[in-house]
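> just to be clear, the model below is a prediction. Sequence and coordinates:
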Amino acid sequence: MNDLIIKSGNLVNPGGEISGVHDIYIKDGKIIGIDEDTTKLSSPTIIDAEDCIICPGLVDLSVRFREPGLEKEATIFSESKAAVSSGVTTVCYMPDTQPVIDTPAQIKLVEEIFKNVDLCKVKVLASLTKGLDGDRLSPMMELKEAGAVGLTNCLNPIKDSLVLRRAMEYASGQDVAVFYQPQNNYLANNGCVHEGKIATKLGLPGIPSAAESAAVAEAILLMKLTGVSLHLCRISCLESLMIIRNAQAAGLPVTADVAIHQLFFDENSIDNFNSDYHVMPPFRANEDLVDLQKEVSSETITAICSDHQPHNEDARQAPFANTQPGISSIEILLPLLMELVDMDIMDLNTAIKKVTLNPSNILGIDSGIIDKGSTADLCILRKEEWTFDEKKIQSAGKNNPFIGKKFSTLVDKTICNGKIVYEKK
Amino acid sequence: MNVSENNEIDLDGKNISHNNIVSQKHLRHFLDIEYLPKSLILDILDLAESFAGVSGQPVKKVPLLRGKTIVNLFFEASTRTRTTFELAAKRLSADFLNINVDFSATKKGETLLDTLRNLEAMHCDMFIVRHPFSGAAEFISKNVSQNISIINAGDGRHAHPTQAMLDIFTIRKYFSDFKKIKVAIVGDILHSRVARSLMHALRILEVPDIRVIGPKTLLPNGIEYMGVTPYVDMDEGIKNCNVVIMLRLQNERMDSSFIPDEHEYYNLYGFTPRRQELLAKNGIVMHPGPVNRGIEISSEVADGERSVILQQVSNGIAVRMAILSLSMQP
């Protein structure tokens, strides 16, 4: 592995001690010095980062790379390329693969494939219940020992409140975090869009905001009862934010994230049955979008993730309700984030923190910060206008409503474990 | 949306001459009422008027669509709509094919797109589509080749535009000025594609007072954005209305806790002779069928002199002839 010197980049390093313009010295995958070459690097590669922003490599709290089992949709190789092109160096892997990740062997398999691909790093969330069936608890201690950073049931329903309580209770005893995507499936009632004026007009079955916020309230009350470490995934409506804000104010250490696309669209986007906007949870009313944009700077929304879900063309070729939800979004995670900065929705420091330090803390991993001695996971950005072109998409999934959009910032290089894993051509 | 992206029709075009509709003006597809201009809706009604006489002739045919092939592509059961489309097509001299897809290809795992490709390969000119999913007709229209027109015969809960057209055609027989009437739609608004298309049509025709009446479980959220006033109290809702359109209460709704039972529903929303007295003096009663006697409407009213339910069925043929002929590609 070549030693590296990154010269004169402007460090955006929320939570770290160093920021501003500095030189970074990297050896054996570690940052060994800032502005000083402590060990005399041997014939290092020098990167001139003048006028560039340097931030920690991104930590993405939710991705689906479809492997194993759904390789016709995407593979760890294809999606890792997409991830590093957006500055992502660590991804949090969802367990709804085929088979479901509910055994230590499954975790090892995924980690092994990532190691072979050798682009970005993976942290696995294992299934909270066996086979994601929402009924039988998974072997939590074994999964944790095997490397699972937390447990989730994804969007699969948990049979009843008692199962959820016991899962949280048991997880709490094993000191493993629960990542809960709140949705009361009785209230969701097989809906596919937000229950509101557009659903009514188009005659599409709707999911009321209360399907989410009722589940948020229940999870928070059970967190208090069981003492589990709880992270709420993919918040979409203002009522959920209100409940989370109140819980945090009362001293409960609950954290939450939103998917990046939830900060851009509301229910009006699905008018005309455009299935590119079919996501779960659905795009809500405009007042929800406004509230999410307002709150995203606060600690109520702890992190932002891509919620990356690539699909092949077949999954989209059907009437709206029959299409697979989700956006293949990881490779524009950082450009979209910078768009929010340009829109004055967040300041740069806060925006970077939501995709680096905060998700690292949620996962309990040592990452997301630039410091002497830390792992050299870095992203180099520069201001340059570019257009998101369908033909140049790295991901195997072209399901993305942002195709054709102009961005102001691009990722110039991504460095993972001290190695350049992506370079803008 | 209904009109070709190539601007094949002049949106403000009026006085379409019946002889050269096909060569001069036509719709690309007929999917939804929502974006139709008022003038075009009126043109369709006028054209339907001229076709209404065909059924009374000894030879019930005009040669407008001779040599064209029209396919009824029904992914969902239907009797009335399917049959009136078939009659309409045959009276226009088109070759006609009925395909019940639900019982054939898709059961064997063929995707909707593959089914379409196969039918396209048979060189048909028009598909009349009914499908259980909202947005299906729109989806199909985006995925067929240029020379094929799609007529929406009902997609999920979204739209049933030909039914709405025949309903306003029937209304116009009794009330020549849409700007002076009150119309109420009663029953299961939530699941009704007929109601949605009617709300658009009545709004475009500038009906000043459109009401939807039903229990709160069957009145969807945000319905007022469609330009209508919701009522839970039927007596209040139908008072002085000129037109009341009763919707069918589907039996499966009883089992899924939308309403307590038939008896209570009939008490609250059944159209009885007593309620008929609440209408305006010249008020009429409509129903898209099939009628559940004794559940949403009493036999006295359904068969009574204010009922125009059977006229709706007859009018369906002429209105569909107008829509088919306007939508056929030259």
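That came through, no problem.

> per-domain residue ranges of the chain.
Chain wasn't specified; assuming chain A. The record's domain split for chain A, according to automatic domain parsing, is A:4-53+A:374-423, A:57-363.

> not quite, I wanted chain B
Using automatic domain parsing, chain B is parsed into the domains B:21-159+B:315-327, B:161-310.

> which of those has the lowest mean pLDDT?
Among the domains of chain B, domain B:21-159+B:315-327 carries the lowest mean pLDDT, a mean of 87.

> check contacts around the residue minimising distance to the centre of chain A.
Nearest to the mean C-alpha position of chain A, counting by Cα atoms, centre = their mean, stands residue A:305 at 2.7 Å. Neighbour list for residue A:305: A:60-63, A:92, A:234, A:257-260, A:333, A:355, A:359 [criterion: Cβ atoms under 8 Å, 6 or more residues apart in numbering or on different chains]. Placement of C-beta: from N, CA and C, glycine included.

> how about a cut-off of 7 Å?
Contact analysis of residue A:305 by Cβ atoms under 7 Å, 6 or more residues apart in numbering or on different chains lists A:60, A:61, A:62, A:257, A:259.

> from those residues, pick the one nearest residue A:299.
For these, the closest approach to residue A:299 (Cβ to Cβ) belongs to residue A:257, at 12.0 Å.

> what about the strands in chain B?
Ranges of strands within chain B are B:69-74, B:95-100, B:126-131, B:149-155, B:182-186, B:209-213, B:229-231, B:243-246, B:284-286, based on DSSP state E.

> can you redo the ones you listed as a markdown table with distance to residue A:187?
As requested, the strands of chain B are exported to a markdown table (distance: least, Cβ to Cβ, whole Å):
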| stretch | distance to residue A:187 |
| --- | --- |
| strand B:69-74 | 33 |
| strand B:95-100 | 35 |
| strand B:126-131 | 27 |
| strand B:149-155 | 25 |
| strand B:182-186 | 27 |
| strand B:209-213 | 24 |
| strand B:229-231 | 22 |
| strand B:243-246 | 30 |
| strand B:284-286 | 35 |
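
> save those strands as CSV, and put in distance to residue B:202 and mean neighbour count too.
Converted to CSV, these look like this (distance: least, Cβ to Cβ, whole Å; neighbours: other Cβ atoms under 10 Å in any protein chain shown):
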stretch, distance to residue B:202, mean neighbour count
strand B:69-74, 27, 22
strand B:95-100, 31, 16
strand B:126-131, 23, 27
strand B:149-155, 18, 27
strand B:182-186, 6, 25
strand B:209-213, 5, 22
strand B:229-231, 12, 15
strand B:243-246, 9, 27
strand B:284-286, 12, 23
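
> contacts for stretch B:322-330, please.
Contacts for stretch B:322-330 (Cβ under 7 Å, 6+ apart): B:21-23, B:26-27, B:29-30, B:44, B:47-48, B:51, B:64-65, B:68, B:70, B:88-89, B:92, B:125-126, B:147, B:149, B:151, B:162, B:165.

> what sits against residue 167?
By default, I'm working from chain A. Per Cβ under 7 Å, 6+ apart, neighbours of residue A:167: A:128, A:129, A:137.

> please go with chain B instead
With Cβ under 7 Å, 6+ apart, residue B:167 has these contacts: B:198, B:245, B:286, B:312.

> ok, of the residues you listed, which one's closest to chain A?
residue B:198 (12.7 Å; Cβ to the nearest Cβ).

> near residue A:126, how many other residues are there?
29 (other Cβ atoms under 10 Å in any protein chain shown).

> grab the nearest non-local neighbour of the residue nearest to the centre of chain A.
residue A:61 (3.9 Å; Cβ to Cβ, 6 or more residues apart in numbering or on different chains).

> give me the element that neighbour is part of.
Per DSSP states H and E, residue A:61 falls inside strand A:58-63.

> and that strand, what's buried?
Using 16 or more other Cβ atoms under 10 Å in any protein chain shown as the test for burial, strand A:58-63 gives A:58, A:59, A:60, A:61, A:62, A:63.

> most widely separated two among those residues?
Pairwise over the buried residues of strand A:58-63, using Cβ to Cβ, the maximum falls at A:58 and A:62, 12.4 Å.

> thinking again about what came up before, okay, the domains of chain A in JSON lines with distance to residue B:36 next?
Formatted as JSON lines, the domains of chain A follow (distance: least, Cβ to Cβ, whole Å):
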{"stretch": "domain A:4-53+A:374-423", "distance to residue B:36": "27"}
{"stretch": "domain A:57-363", "distance to residue B:36": "15"}
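
> of all those, which one is nearest residue B:111?
Going by Cβ to Cβ, the one of the domains of chain A nearest residue B:111 is domain A:57-363, 7.3 Å.

> distance between the ends of that closest one?
In domain A:57-363, first residue to last residue: 15 Å (Cα to Cα, to the nearest Å).

> quick one: mean pLDDT for that domain?
The model assigns domain A:57-363 a mean pLDDT of 97.

> let me know whether residue B:245 touches residue B:187 as I believe.
No - the criterion here is Cβ atoms under 7 Å, and residue B:245 misses it with residue B:187 at 8.7 Å.

> tell me the contacts of residue 159?
Using chain A. Residue A:159 touches A:134, A:135, counting by Cβ under 7 Å, 6+ apart.

> the chain in question should be chain B.
Contacts of residue B:159 (Cβ under 7 Å, 6+ apart): B:32, B:152, B:193, B:196, B:197.

> redo the residues you listed as TSV? Include distance to chain A.
Below are these laid out as TSV (distance: Cβ to the nearest Cβ, whole Å):
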residue	distance to chain A
B:32	10
B:152	12
B:193	6
B:196	6
B:197	10
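
> neighbours around residue 157, how many?
Assuming you mean chain A. For residue A:157, using other Cβ under 10 Å, the count is 17.

> try again with chain B
For residue B:157, using other Cβ under 10 Å, the count is 25.

> with adjacent residues omitted, what lies nearest to the closest residue to chain B within the stretch 51-200 of chain A?
Residue of the stretch 51-200 of chain A nearest chain B, by Cβ to the nearest Cβ: residue A:197 (3.3 Å). Spatial nearest neighbour of residue A:197, excluding adjacent residues (Cβ to Cβ, 6+ apart): residue B:222 at 3.3 Å.
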